[in-house]
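# After the sequence you'll find the predicted model.
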Amino acid sequence: MSARRGVVSPTGKPVALTPVRPNEGGEATYRQRLERLTAEMQASLVYWVKACYRANEPELAQDASPAMTLRDTMNRLARRWQRRFDEAAPDLARSGRR
C-alpha cells in the first residue's frame, strides 16, 4: 500500500491530507537568518582562500603543493561551517515555526 502509516481511513483507503502552510512571518525570519549565515560563510571562504592563495602565490605556477594547501584549507573551512550550520539548525527551525 502506498499510503503512509496512520494516513488511511478505517476502510484502509488513503486519506487526502490538507497541506501545511508555513506562517509567513516565521518563513521570512527563517529565510533572513539562513541568508545571513550563508553570507557569513561566503565571506569567510573568500577571505581564507584569498589568504591561502596569497601566502603561496610564488609557488603556484611551479609546484602542486599550493593546490594541496588550498584543498586542505577548503576541507578545514567545510568542517568549520558544517559545524556552524549543525549548531544553528535547531534555532533556525524554531524561528521558522513562529
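That came through, no problem. Numbering: from 1, shown residues only.

# Secondary structure element for Pro22, which one?
According to DSSP states H and E, Pro22 maps onto no helix or strand at all.

# do Thr69 as well
helix 65-96.

# ok now that helix, how far from the chain's centre?
Distance of helix 65-96 from the chain centroid (CA atoms, centre = their mean, to the nearest Å) equals 8 Å.

# now for that helix, which elements pack on it?
helix 24-55 (3 or more CB pairs under 8 Å, 6 or more residues apart in numbering; DSSP states H and E). From N, CA and C alone the C-beta is placed, and that goes for glycine too.

# Pick out the residue closest to the middle of the chain.
The C-alpha lying nearest the average C-alpha coordinate of the chain belongs to Phe85 (CA atoms, centre = their mean; 5.9 Å).

# Now that residue. Nearest residue, chain neighbours left out?
Closest residue in space to Phe85, ignoring its immediate chain neighbours: Leu37 at 6.9 Å, by CB to CB, 6 or more residues apart in numbering.
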